[in-house]
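**Q** Next input, structure requested:
(one chain, ligands or ions: 1)
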Amino acid sequence: MKIVIVGGGVLGASTAFQLAKRGCEVELFESGMPGGQASAASLAWLNSNSKELRPYHDLNVISMAEHLAVARELGTDNWLRRGGNLEVAATEESAHALHAKAKRLHEYGYAAIELDPKDLPRYDPQVRVHEDYLGAVFYPGESWLDLPLLIHELLRAAVAHGAILRSHTTVDRLLVESGQVNGVLLDDGSQVRADRVVVAAGSRIGALMSEVGVEVSTVGEPGATVVTAPGTSALSVLLHLPGISVRPDPGGRLAIRSERGDRSLDTDTWTLPDETVTDLIRRAAHGVADVDPTSTRSERISIAVRPYPFDGLPVVGFWNDVPNLYLITMHSGATLAAVTSRLAAEELVTGIPPALLNGFRPARLITPRRELPEFDPHAVEAEV
Ligand SMILES: Cc1cc2nc3c(=O)[nH]c(=O)nc-3n(C[C@H](O)[C@H](O)[C@H](O)COP(=O)(O)OP(=O)(O)OC[C@H]3O[C@@H](n4cnc5c(N)ncnc54)[C@H](O)[C@@H]3O)c2cc1C
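**A** Numbering: from 1, shown residues only. Here you go, the predicted model:
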């Protein structure tokens with residue numbers, strides 16, 4: 001079976017790997033370099049921390065575990081950075097909310113250890129304790145992904161199974177004949193025929209779908225992550241501190257981001273103001289002992305639109321009225337890539353709908369329940 005995949009982010013790369021190892025003839029098209037859009041800006045925190053809807057929480061938990069299976073199959077796990085996550089509250093209100101969340105997570109059977117903030121350095125000696133810290137929780141099962149490395153490993157393995165990777169090649173539109181998708185038209189005017197087309201194009205899914213007469217938007221809020229120069233810190237744990245998220249990045253770098261930083265993005269020039277970068281580094285230094293705010297510099301700032309549909313939940317499945325066309329997009333794609341790509345590949349190959357995907361199907365995009373409050377990605381990113 002020949003399958004074309006549009007998009008080489010974490011979801012396209014994972015799906016390519018899952019399909020290629022099942023013996024499918026896979027060809028993946030990526031406009032730029034793989035992993036250069038949302039997957040580049042991601043904090044890549046592997047978690048089911050603030051995902052209250054039970055089936056959604058469970059899907060995230062399953063995927064956290066399935067990353068271990070992916071590591072085993074790839075024969076490498078240096079992209080999977082275990083070490084847990086510490087979350088700190090510094091107001092009465094946020095301490096109360098943190099306690100309530102830990103209680104809910106216990107009921108869900110998810111590890112969340114409440115601790116006295118003065119014990120924070122026991123989890124990582126680089127974590128500073130401040131007087132205004134009122135509550136803290138350690139989540140030992142959470143981790144983060146070195147997403148560029150994971151995408152590289154997934155594509156390397158897919159190619160080893162015979163997949164063809166075509167970077168710097170844009171799919172201009174889907175080829176629709178007699179109501180079904182038979183392939184794609186490339187920006188050089190050539191056509192590539194396929195039995196199935198998987199659209200994993202992140203925030204650009206809407207543009208491709210308009211070609212089949214469907215109005216969908218997967219353009220969510222933009223976000224920015226600042227990565228510091230090598231040797232910034234020996235931090236080993238992921239941190240959600242008041243007003244900032246910080247995690248280690250390879251080479252002693254830190255990845256730093258915040259909701260406030262996102263709100264300061266200049267969306268005309270697609271830049272993050274210098275003051276915001278300085279503020280992010282200053283806040284990281286406030287929380288992490290070995291960060292010197294005067295000498296720490298940003299090495300890279302990644303800015304991207306978060307892809308997600310109106311309700312923020314995953315969309316995985318065949319498009320309702322167009323045979324052969326398969327969609328895969330979601331927020332929390334770093335966490336969810338392992339399970340959703342495996343389920344997508346099984347369905348693409350066998351045609352059997354996986355029960356785990358009930359509630360996360362494309363059908364709901366046709367009649368969006370607009371009365372739902374708008375999805376706020378920061379709520380599941382645990383940023384205050
Ligand atoms: C700031 C930020 C923080 C985040 N934090 C987390 C987190 O902590 N944990 C978590 O689990 N998730 C997080 N996410 C979400 C997660 O990163 C995304 O869900 C995931 O990266 C989406 O992957 P994707 O492959 O769908 O999209 P992308 O990575 O955007 O990949 C889509 C690819 O398709 C390509 N493409 C598009 N159109 C075409 C075309 N016509 N032809 C060829 N190629 C095309 C693009 O170039 C792109 O490379 C975060 C996202 C952001 C932006």
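
**Q** How confident was the prediction at Leu372?
**A** We have a pLDDT of 62 for Leu372.

**Q** Next: Leu254.
**A** For Leu254, pLDDT reads 98.

**Q** Checking my notes, it in a strand, right?
**A** Yes: under the criterion used here (DSSP: H, G, I helix; E, B strand; the rest coil), Leu254 sits inside a strand.

**Q** beta partners of it?
**A** According to DSSP bridges, the residues that bridge with Leu254 are Pro248.

**Q** What separation is there between Ala97 and Arg263?
**A** The gap separating Ala97 from Arg263 is 21 Å, by Cβ to Cβ, to the nearest Å. C-beta coordinates here come from the backbone N, C-alpha and C atoms, glycine included.

**Q** which of those two has more neighbours?
**A** Between Ala97 and Arg263, counted using other Cβ atoms under 10 Å, the more crowded position is Ala97 (14 against 11).

**Q** Quick check: nearest residue in space to that one, chain neighbours excluded?
**A** Ala89 (7.2 Å; Cβ to Cβ, 6 or more residues apart in numbering).

**Q** and the stretch 51-200 of the chain, which of its residues are near the ligand?
**A** Within the stretch 51-200 of the chain, the positions adjacent to the ligand are 170-171, 200 by Cβ under 6 Å from any ligand atom.

**Q** Could you dump those into a markdown table with neighbour count, secondary structure and pLDDT added?
**A** Below are these laid out as a markdown table (neighbours: other Cβ atoms under 10 Å; DSSP: H, G, I helix; E, B strand; the rest coil; pLDDT from 0 to 100):
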| residue | neighbour count | secondary structure | pLDDT |
| --- | --- | --- | --- |
| Thr170 | 16 | coil | 98 |
| Val171 | 27 | strand | 98 |
| Ala200 | 28 | coil | 98 |
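
**Q** Mean confidence (pLDDT) on whichever helix or strand His106 is part of, please.
**A** Here His106, judged by DSSP states H and E, is contained in helix 92-107. Averaged over helix 92-107, pLDDT sits at 98.

**Q** gap between that helix and the chain center?
**A** On the basis of Cα atoms, centre = their mean, to the nearest Å, helix 92-107 sits 24 Å off its chain's mean C-alpha point.

**Q** just checking, what packs against that helix?
**A** Packing partners of helix 92-107 (3 or more Cβ pairs under 8 Å, 6 or more residues apart in numbering; DSSP states H and E): strand 85-89, strand 135-139.

**Q** go with 10 Å
**A** Packing contacts for helix 92-107, counted by 3 or more Cβ pairs under 10 Å, 6 or more residues apart in numbering; DSSP states H and E, involve strand 85-89, strand 113-115, strand 135-139.

**Q** Save those strands as a markdown table, and put in mean pLDDT and mean neighbour count too.
**A** A markdown table is the format used below for the helices and strands packed on helix 92-107 (pLDDT from 0 to 100; neighbours: other Cβ atoms under 10 Å):
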| stretch | mean pLDDT | mean neighbour count |
| --- | --- | --- |
| strand 85-89 | 98 | 25 |
| strand 113-115 | 98 | 14 |
| strand 135-139 | 98 | 22 |
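
**Q** Please convert these to CSV, extending it with distance to Asp77.
**A** Shown next, in CSV, are the helices and strands packed on helix 92-107 (distance: least, Cβ to Cβ, whole Å):
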stretch, distance to Asp77
strand 85-89, 18
strand 113-115, 24
strand 135-139, 19
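
**Q** How about the residue in the protein that sits furthest from its center?
**A** Most distant from the centre of the chain: Ser178, at 35.3 Å, with distances by Cα atoms, centre = their mean.

**Q** give me every residue that touches it.
**A** Shown in contact with Ser178 (Cβ atoms under 10 Å, 6 or more residues apart in numbering): Pro323.

**Q** for it, phi and psi?
**A** Main-chain dihedrals, Ser178, degrees, to the nearest 10: phi 50, psi 40.

**Q** Now do the same for it: its pLDDT.
**A** With respect to pLDDT, Ser178 scores 87.

**Q** Please apply the same query to Ala234.
**A** 98.

**Q** now swap in Leu348 and tell me
**A** You'll see Leu348 listed with a pLDDT of 97.

**Q** how near is it to Asn320?
**A** Per Cβ to Cβ, Leu348 is found 16 Å from Asn320.

**Q** repeat for Ile151
**A** In terms of Cβ to Cβ, Ile151 sits 30 Å off from Asn320.

**Q** what about those two, which has more around it?
**A** When Ile151 and Asn320 are compared for neighbours, Ile151 comes out ahead with 27 against 13, by other Cβ under 10 Å.

**Q** Restricting the selection to alpha carbons, write the strand or helix carrying that one to CSV.
**A** Element membership for Ile151, per DSSP H and E: helix 147-160. What follows is helix 147-160, C-alpha atoms only, in CSV (Å, rounded to 0.1, in the frame of the first residue of the first chain):
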residue,chain,number,x,y,z
LEU,A,147,12.1,16.5,19.9
PRO,A,148,14.6,17.3,17.1
LEU,A,149,16.6,14.2,18.0
LEU,A,150,13.4,12.1,18.2
ILE,A,151,12.2,13.3,14.8
HIS,A,152,15.6,12.5,13.3
GLU,A,153,15.6,9.0,14.8
LEU,A,154,12.0,8.3,13.6
LEU,A,155,12.8,9.4,10.1
ARG,A,156,16.1,7.5,10.0
ALA,A,157,14.2,4.4,11.1
ALA,A,158,11.4,5.0,8.6
VAL,A,159,14.0,5.4,5.8
ALA,A,160,15.7,2.2,6.9
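
**Q** Kind regards, and thank you for your time.
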